[in-house]
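Asks: Got a predicted structure here, sequence first:
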Amino acid sequence: MNDQAIIKSHLRLKEATISEIAEVTSKLFFQNEEPQKLLSVKDVSGNSGAKTYICYEEEVPKCIVKVKSGDSIMNSHPNTTTRVATATKVLRGHGIAPPILMEGHDFHIERSAGTSVMKDFFHFDPNLAPPENVAKLLAKVHSSPISWYETLKRKFLERDLTLKGILGPLPPYAPCWCLPWSGFDTGMPILGVGNPNIETAKKILELLIESEVYKKVMECSAFHPESEAARRQVVVHNDFKPDNILIDPDTRLLTVIDYDLVQVGPAVMDFGLPYTMWLGSRFTNFKFREAFIKSYLTASNLPLGEKEVTQFMLDCEVNTIVAFPGLLANLYDAEVPLLRGIKHPTAKPDFLSGGSEVSPTGIELVDLLADAVFTIKSDKVLINSCLKDGLVMTMFKQEGFGSKALNSWLKEMQRNKMLRLFGIAETDDGELYVSEHARN
């Protein structure tokens, strides 16, 4: 079904029950059948985007229903809804996003793109999604047109002239352009579990700016990618992980869904999240990652020399510091690392998050981590360790490269369960905790 065949509806589904959604979608697929079949519906909504439902005929997914929600961070600002709608249209034209079947006042229904290829939350089923096919899919996303974003980016910057003054002079490959991390498009960075609320997100950004740690970290060139492959401007998915990848049961081709965070930015931005969620040293060995990167570079028609591959992989590791689910993320439940030394609303009540006794502070952390990156890049042995074990794991094993302040913070992060995604358990030689939802 093409865009011309989209059915327009007067319905609203914001407060609809599961049974009401089943009735609407069933009529769409089985309107001429008597007695009419009824699709089963599963609520798969995340914490920050629209309400999302998958509708099944027996075990086969038929369509996805997305209902707008004005009370979440990802749906409360017109810059977000405009970006997501434009990005989805671009990806649909590029053969990635599935066609829309119906549009209503506050929802749309799109054809299902296929079935899951998850082994669990952190792994693909290699029989359904071999790593080289996943790499090719990411390269396909990155080959999408990018001109659509330039006007939006300028508009986002004009929203807040203070942020424009900080970010405007920075190069396009700087990590600051990652929307869910810097929040310059809406004034609301992505926070932790449940994305507490809109006002909390705004307060976090306000504190980051007032304390000047925002300017400090955004301008820090130590975290910039150096390889051309990592710096090039592409359509970035920003949430490329197993539960968002599907396979078409007929063609056996992979596709990616969930475009809430899609933007244009440096290609490395789409590796920081995978390195913390499924591709990094906690989940794969060096040979796996090297083969994946080579498959991606090949599919992207980029150089495959040893120097190019090594530099790109090192850029990916450095990005795990400033990726939106990275080491300096705003989404930790114990505290926001960049706001250490400053009382803030997402820190746990019993957690030491503010006061002159806190050391290192958020601003000091930026310098400590920048120094660590320079230390790694100046030592071939440390580069090899970083590529093999991961950048954060290397810093941890090397006890902060002699910095007592960096080492004490890493140990504190460990105790507070904030290094799990980097393969570091709460206690030395302890087992990594895996939540029940991540096992499924």
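Replies: Thanks, I have the structure now.
Asks: Confirm that Lys119 sits in a strand.
Replies: Yes. Under DSSP: H, G, I helix; E, B strand; the rest coil, Lys119 falls within a strand.
Asks: Count residues in the vicinity of the nearest residue to it once chain neighbours are set aside, would you?
Replies: Leaving out its chain neighbours, the residue that sits closest to Lys119 by Cβ to Cβ, 6 or more residues apart in numbering is Asp125, at 4.5 Å. For glycine as for every other residue, the C-beta is placed from the backbone atoms N, C-alpha and C. A count of neighbours around Asp125, defined by other Cβ atoms under 10 Å, yields 14.
Asks: Please report the distance of Asp125 from Thr276.
Replies: 21 Å (Cβ to Cβ, to the nearest Å).
Asks: that older thread, pLDDT at the residue nearest to Lys119, what is it?
Replies: The model reports Asp125 with a pLDDT of 97.
Asks: show me the contacts for it.
Replies: Applying Cβ atoms under 8 Å, 6 or more residues apart in numbering, we find Asp125 in contact with 117-119.
Asks: residue ranges with poor pLDDT in the stretch 51-200 of the chain?
Replies: 70-75, 193-196 (pLDDT under 70).
Asks: Recalculate using a threshold of 50.
Replies: The model of the stretch 51-200 of the chain has no residue with pLDDT under 50.
Asks: just the strands in it please.
Replies: 51-57, 60-67, 100-103, 107-111, 115-116, 118-120, 123-124 (DSSP state E, counting those that start in this stretch).
Asks: Who does the fifth one pair with, and is each partner parallel or antiparallel?
Replies: Strand 115-116 has its sheet partners listed here by DSSP bridges as strand 245-247 (antiparallel).
Asks: before we move on, back to that, in JSON lines: the contacts of Asp125, plus distance to Ile204 and neighbour count.
Replies: JSON lines is the format used below for the contacts of Asp125 (distance: Cβ to Cβ, whole Å; neighbours: other Cβ atoms under 10 Å):
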{"residue": "Val117", "distance to Ile204": "34", "neighbour count": "22"}
{"residue": "Met118", "distance to Ile204": "31", "neighbour count": "20"}
{"residue": "Lys119", "distance to Ile204": "34", "neighbour count": "15"}
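Asks: Which stretches in the stretch 1-150 of the chain count as helices?
Replies: Under the criterion DSSP state H, counting those that start in this stretch, helices of the stretch 1-150 of the chain are mapped to 18-30, 78-93, 131-142, 148-159.
Asks: could you say what helices and strands the first one packs with?
Replies: Helix 18-30 sits against strand 40-43, strand 51-57, strand 60-67, strand 107-111, with contacts defined as 3 or more Cβ pairs under 8 Å, 6 or more residues apart in numbering; DSSP states H and E.
Asks: Domain ranges for the protein, per the record?
Replies: 3-111, 118-439 (automatic domain parsing).
Asks: Mean neighbour count, those: which tops it?
Replies: Stretch with highest mean neighbour count among the domains of the chain: domain 118-439 (a mean of 18; mean count of other Cβ atoms under 10 Å).
Asks: how distant is that domain from the center of its chain?
Replies: Centre-to-centre, domain 118-439 and its host chain are 8 Å apart (Cα atoms, centre = their mean, to the nearest Å).
Asks: and if you look at stretch 114-122?
Replies: For stretch 114-122 - counting by Cα atoms, centre = their mean - the centre lies 17 Å from the chain centre.
Asks: Could you shift the numbering so residue one becomes 707, and keep it that way?
Replies: I'll keep to 707 as the first residue from here, and by that count the last item is stretch 820-828.
Asks: can you tell me the distance between the two ends of it?
Replies: Criterion Cα to Cα, to the nearest Å; first-to-last residue distance in stretch 820-828 is 19 Å.
Asks: thinking again about what came up before, now the helices of the stretch 707-856 of the chain in CSV, with distance to Ala973?
Replies: Converted to CSV, those look like this (distance: least, Cβ to Cβ, whole Å):
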stretch, distance to Ala973
helix 724-736, 37
helix 784-799, 16
helix 837-848, 6
helix 854-865, 14
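Asks: which one of those lies closest to Asp976?
Replies: helix 837-848 (6.4 Å; Cβ to Cβ).
Asks: which helices and strands sit right next to the closest one?
Replies: Helix 837-848 packs on strand 939-942, strand 960-962, helix 975-983, helix 992-1005, going by 3+ Cβ pairs under 8 Å, 6+ apart.
Asks: Which one of these lies nearest to Ala1040?
Replies: helix 975-983 (16.6 Å).
Asks: and the angle from the closest one to helix 992-1005?
Replies: For helix 975-983 against helix 992-1005, the angle by axes from the mean of the first three to the mean of the last three Cα atoms, to 10 degrees is 160 degrees.
Asks: And helix 975-983, what does it pack against?
Replies: helix 837-848, strand 939-942, helix 1012-1028.
Asks: what's the longest one packed up against?
Replies: Packed against helix 1012-1028 by the contact rule (3+ Cβ pairs under 8 Å, 6+ apart) you find helix 934-937, helix 975-983, helix 992-1005, helix 1068-1083, helix 1086-1095, helix 1097-1103.
Asks: Go again with 7 Å.
Replies: Secondary-structure packing of helix 1012-1028 (3 or more Cβ pairs under 7 Å, 6 or more residues apart in numbering; DSSP states H and E): helix 934-937, helix 975-983, helix 992-1005, helix 1086-1095, helix 1097-1103.
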